[in-house]
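Peer 1: Build me a model:
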Amino acid sequence: MDDITYDKPFKTYEELISIMESRHIDIADKAFAMQALENYSYYGIVNGYKNTFLQMDNTDNFIPGTSFEQLYTLHIIDTALNNIIFKYILFLERALKSRILYLVARKYGVYTLPRDYSCSLENDYLYRKNYSNSNGKRNNVLRSLKERISRDNSSPIMQHYLNHKNHIPPWILTTSIPYGLSIEWYNILRNDDKKIICDSFISPGAFNEQKTKEFVRKVFDLTKEYRNKIAHGNLTFSMINLPQLPKEQLLSLTFNAISEEEYNLRIGQDDTLAVILSLIVMLSDNYLINNFYTELCNVLSPYETVSFNDQSIFDVFGFPNDLLDRLKKLIMQKFN
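Peer 2: Next up, the predicted model:
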């Protein structure tokens with residue numbers, strides 16, 4: 001084993017500095033660069049953005065004029081964007097859970113037998129006949145929900161209800177389930193129940209029922225996938241090949257914040273911009289959405305006139321250069 005020459009052997013911070021210099025990255029302050037590498041790693045700062053700044057000669061060298069400070073700045077901006085988007089995906093998760101628990105409690109009651117994995121009790125809000133099996137996943141989803149009740153030892157709220165109350169209502173169950181399982185619960189709702197939730201996100205009449213459900217489902221899939229990627233350290237600007245938003249609904253619901261031509265170029269279709277637009281469309285709280293916009297502005301606005309090797313900050317992240325103006329107009333039209 002010791003005789004193996006590894007493709008990527010360990011390198012000290014000093015060696016990494018030398019590698020960067022050999023790849024034509026300008027380093028004005030080596031002490032600062034070493035501290036940044038210690039905090040964020042070479043891969044996170046340098047390799048994460050190399051496709052934006054590499055020369056087109058297959059040498060793995062960076063374009064002359066690329067500085068470590070530029071790469072570091074992009075990493076900080078990227079992290080800030082990730083944190084903002086992650087936070088507002090959490091708000092969408094809460095909005096979905098709130099709608100599910102209200103519908104289920106109102107229509108099917110507040111009692112469930114924790115270890116009844118057959119879900120065969122008619123007075124149980126997880127009674128299998130209350131749900132659709134059109135996707136073939138009903139029984140597995142209901143079992144997963146039951147298991148959250150009987151096996152979640154990490155939730156003080158759940159343990160309190162199990163030990164001191166005579167039932168686990170839906171609003172307690174939703175505190176213990178992740179976003180993905182919430183979406184799966186939504187997916188097994190009967191069509192009439194699903195319509196109620198869709199209409200609470202998208203104004204009834206905007207589209208026919210099928211197209212409304214398609215858009216809502218795609219938004220949940222998109223935001224779940226994006227959230228998972230953020231949690232595993234993926235970079236904002238490299239988020240591509242996510243679940244695609246349907247064109248007709250997206251263009252209409254965003255008041256053509258992106259053009260059909262841009263959509264066909266995959267701008268706003270399955271990328272970070274698609275997530276931002278989805279959140280603005282789906283979240284109904286005016287105060288919340290305006291806060292979202294303000295936070296995006298606070299991150300991006302200071303760099304509007306900064307050049308990253310002849311690219312704007314918007315170019316680097318795959319955004320239209322007038323993104324902030326478009327979002328402001330969209331929000332005004334949404335709440336007009």
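Peer 1: only C-alpha atoms for contact and neighbour calcs from this point on.
Peer 2: OK.
Peer 1: in this protein, which spans are strands?
Peer 2: Using DSSP state E, no strands are found in the chain.
Peer 1: Which elements pack onto the longest helix anywhere in the chain?
Peer 2: Longest helix of the chain, by residue count under DSSP state H: helix 68-108. On a contact count with 3 or more Cα pairs under 8 Å, 6 or more residues apart in numbering; DSSP states H and E, helix 68-108 meets helix 42-45, helix 170-173, helix 179-187, helix 191-201, helix 209-231, helix 272-282, helix 286-300.
Peer 1: And for the closest residue to residue 24 other than its chain neighbours, the neighbour number?
Peer 2: Residue nearest to residue 24 in three dimensions, not counting chain neighbours: residue 62, with 5.5 Å by Cα to Cα, 6 or more residues apart in numbering. Other residues within reach of residue 62, judged by other Cα atoms under 10 Å, total 23.
Peer 1: For residue 62, give me its contacts.
Peer 2: Residues near residue 62 by Cα atoms under 8 Å, 6 or more residues apart in numbering: 23, 24, 25, 50, 53, 54, 55.
Peer 1: just curious, which of those is nearest to residue 187?
Peer 2: residue 50 (39.3 Å; Cα to Cα).
Peer 1: Okay, the closest residue to the closest one other than its chain neighbours and residue 150: tell me how far apart.
Peer 2: Nearest in space to residue 50, with sequence neighbours left out and distances taken as Cα to Cα, 6+ apart, is residue 62 at 7.4 Å. With distances taken as Cα to Cα, to the nearest Å, residue 62 is found 55 Å from residue 150.
Peer 1: Please apply the same query to residue 212.
Peer 2: Applying Cα to Cα to residue 212 and residue 150 gives a distance of 35 Å.
Peer 1: In terms of neighbours, single out the busier of those two.
Peer 2: In this view residue 212 and residue 150 are compared by other Cα under 10 Å, and residue 212 has more residues nearby, 20 against 15.
Peer 1: how about the helix or strand bottoming out on mean pLDDT in the chain: buried residues?
Peer 2: When each helix and strand of the chain is scored by mean pLDDT, DSSP states H and E, helix 50-53 comes last, with a mean of 80. Using 16 or more other Cα atoms under 10 Å as the test for burial, helix 50-53 gives 50, 52, 53.
Peer 1: All set, thanks.
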